[in-house]
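>>> this one's sequence-less:
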Ligand SMILES: Nc1nc2c(ncn2[C@@H]2O[C@H](COP(=O)(O)OP(=O)(O)O)[C@@H](O)[C@H]2O)c(=O)[nH]1
Ligand SMILES: [Mg+2]
């Protein structure tokens, strides 16, 4: 049984719309029965009183409290999909377009000169390849895209719009195989997400966004501050925990991160937490240190749950462009990365790197971030992404 709307593969999302509400209702019932609901009250504050309300009432209650708990930022993604599903999608599409504006204006400007009323000939394709490489898609993906466009449309005349459509559809096809929303099942409780990535990649911010979105969908969430390398890192996660009204497990400064993770798993189990998200340090003295630390965290978590971590996410900063590719290579050597989240697509013209990541590694891309607010993280939608990237209107 899948618990959360967020946790379903995109392909399932349309067909199974009403089920998450049902699932979380029975889930909440069983929580109340086993007494875990009361514990939630201690830490998660506002959610406690809602465990006995009907799902509909909970939805309303959450909507009402949103502005108080975290500013007015959660509207779009926090609204449960069962309502209509349309509005949040539309506003995400807008934010995605705005977010990708720098990338698409770089690529889009190049395309405009290329294809206006022209024919898809050798010159145009060659120029397109250059534009794609300059747009940070990477040399190989650029060559593949051009080869496919050549195969489909060589010699044809096409309007600017038709060129962009053909291009977007080829790019979307390349992205489709890696577009998996995070698949949180209640088969593991807690479902443990280990979040890794270099310093500044956006780990803590992403954890905060995930926590608030899971929470808004009825999950009981807990955070673990296992980035003990800098005191500020714990404080930053604490702020996100408060904003999302979720409990957090911390240790003293320079505490053993594995010990923090261990305590968090113990407590999450005792309290019937659905999703435990573990923050980690991204910068230690050297690569060997980092590997030792991450592996120790994993080892210690496994003592309590052999199947954990259930997801090992690598957070990547899109502004680093092709360097993101190197980061994946490095982290794959350090730890068993199960999926990627790409952040800061709003701050860069290098959004094309997402295509390179998809093509190069085939690792799931679970979500992308286009800003610092709660709702600026969303499951990765290849069609919308490809269209926004080539500056094609919906
Ligand atoms: N513009 C933008 N900034 C982001 C995004 N994600 C994270 N940030 C910012 O990037 C900086 C580093 O993020 P942080 O979560 O602390 O990274 P960490 O070191 O990996 O935990 C912070 O200032 C965040 O607000 C995003 O999607 N867009
Ligand atoms: Mg951090």
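It's in. All values derive from a computational prediction rather than experimental measurement. Residues are numbered from 1 along each chain as shown. Ligands and ions are numbered 1, 2, ... in the order given.
>>> in the stretch 1-150 of the chain, where is pLDDT below threshold?
Within the stretch 1-150 of the chain, the stretches with pLDDT under 70 are 1-90, 115-117.
>>> need phi/psi at whichever residue of it sits closest to ligand 1.
Using Cβ to the nearest ligand atom, residue 99 is the residue of the stretch 1-150 of the chain that sits closest to ligand 1, at 7.8 Å. Bear in mind the C-beta positions are built from the backbone N, C-alpha and C, glycine included. Here is the backbone geometry of residue 99 (degrees, to the nearest 10): phi -60, psi -40.
>>> next up, the contacts around it.
345, 346, 370, 371, 376, 388 (Cβ atoms under 8 Å, 6 or more residues apart in numbering).
>>> can you check which helix is longest in the protein?
As assigned by DSSP state H, the longest helix anywhere in the chain is helix 287-304.
>>> other SSEs contacting it?
On a contact count with 3 or more Cβ pairs under 8 Å, 6 or more residues apart in numbering; DSSP states H and E, helix 287-304 meets strand 191-196, helix 257-270, strand 275-280, helix 323-334.
>>> will you turn the ones you listed into TSV that also has distance to ligand 2, mean pLDDT and mean neighbour count?
Shown next, in TSV, are the helices and strands packed on helix 287-304 (distance: least, Cβ to the ion, whole Å; pLDDT from 0 to 100; neighbours: other Cβ atoms under 10 Å):
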stretch	distance to ligand 2	mean pLDDT	mean neighbour count
strand 191-196	9	97	27
helix 257-270	12	97	21
strand 275-280	6	97	30
helix 323-334	15	94	16
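>>> residue 212 and residue 313, how far apart?
According to Cβ to Cβ, to the nearest Å, residue 212 stands 16 Å off from residue 313.
>>> hang on, I meant residue 247
20 Å.
>>> which one of those two has more residues nearby?
Per other Cβ atoms under 10 Å, whichever of residue 247 and residue 313 has more neighbours is residue 313, with 26 against 22.
>>> now render the contacts of residue 99 as JSON lines, adding pLDDT, distance to ligand 1 and secondary structure.
Output for the contacts of residue 99, formatted as JSON lines (pLDDT from 0 to 100; distance: Cβ to the nearest ligand atom, whole Å; DSSP: H, G, I helix; E, B strand; the rest coil):
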{"residue": "345", "pLDDT": "94", "distance to ligand 1": "7", "secondary structure": "helix"}
{"residue": "346", "pLDDT": "92", "distance to ligand 1": "5", "secondary structure": "helix"}
{"residue": "370", "pLDDT": "94", "distance to ligand 1": "6", "secondary structure": "coil"}
{"residue": "371", "pLDDT": "93", "distance to ligand 1": "5", "secondary structure": "coil"}
{"residue": "376", "pLDDT": "93", "distance to ligand 1": "6", "secondary structure": "coil"}
{"residue": "388", "pLDDT": "92", "distance to ligand 1": "15", "secondary structure": "helix"}
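>>> follow-up on the earlier one: the helices and strands packed on helix 287-304: which one's closest to residue 296?
Comparing the helices and strands packed on helix 287-304 against residue 296 with Cβ to Cβ, the closest turns out to be helix 257-270 (4.4 Å).
>>> residues in contact with the closest one?
Against helix 257-270 from outside (Cβ under 8 Å, 6+ apart): 39, 189-190, 192, 222-229, 249-251, 273, 276, 278, 280-281, 293, 296-297, 299-301, 303-305, 308.
>>> list of residues touching stretch 131-148?
Outside stretch 131-148, the residues that reach it (Cβ under 8 Å, 6+ apart) are 103, 106-107, 110-111, 114, 125, 128-129, 167, 170-171, 174, 321-322, 325, 349-353, 355-356, 359-360, 389.
>>> ChimeraX command to pick out the buried ones of the residues you listed?
To isolate the buried members of those in ChimeraX, using 16 or more other Cβ atoms under 10 Å:
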select :103,106,107,110,111,114,125,128,129,167,170,171,174,321,325,349,350,351,352,353,355,356,359,360,389
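>>> quick one on the thing from earlier: and the longest helix of the chain, does that touch ligand 1?
No. Judged by Cβ under 6 Å from any ligand atom, helix 287-304 stays clear of ligand 1, getting no closer than 13.0 Å.
>>> report the rounded mean pLDDT for that helix.
Average pLDDT, helix 287-304: 94.
>>> quick check: buried residues in it?
Result for helix 287-304 [16+ other Cβ under 10 Å]: buried residues 290, 291, 293, 294, 297, 298, 300, 301, 304.
>>> run a quick neighbour tally on residue 202.
23.
>>> could you measure from it over to residue 236?
With Cβ to Cβ as the criterion, residue 202 and residue 236 are 12 Å apart.
>>> now residue 104
With Cβ to Cβ as the criterion, residue 104 and residue 236 are 31 Å apart.
>>> one more: residue 291?
Distance from residue 291 to residue 236, by Cβ to Cβ: 24 Å.
>>> spit out the contact partners of the residue in the stretch 201-350 of the chain that ligand 2 sits nearest to.
When distances are taken as Cβ to the ion, the stretch 201-350 of the chain reaches nearest to ligand 2 at residue 204, 3.3 Å away. Under the criterion of Cβ under 8 Å, 6+ apart, the neighbours of residue 204 are 227, 233, 236, 237, 240, 279.
>>> for these, give me CSV that also has distance to ligand 1.
Shown next, in CSV, are the contacts of residue 204 (distance: Cβ to the nearest ligand atom, whole Å):
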residue, distance to ligand 1
227, 7
233, 7
236, 6
237, 8
240, 9
279, 7
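>>> and the residues you listed, which of them are in strands?
Cross-referencing these against strands under DSSP state E gives residue 279.
>>> among the contacts of residue 204, which one lies nearest to residue 256?
Of all the contacts of residue 204, residue 256 sits closest to residue 227, with 12.3 Å by Cβ to Cβ.
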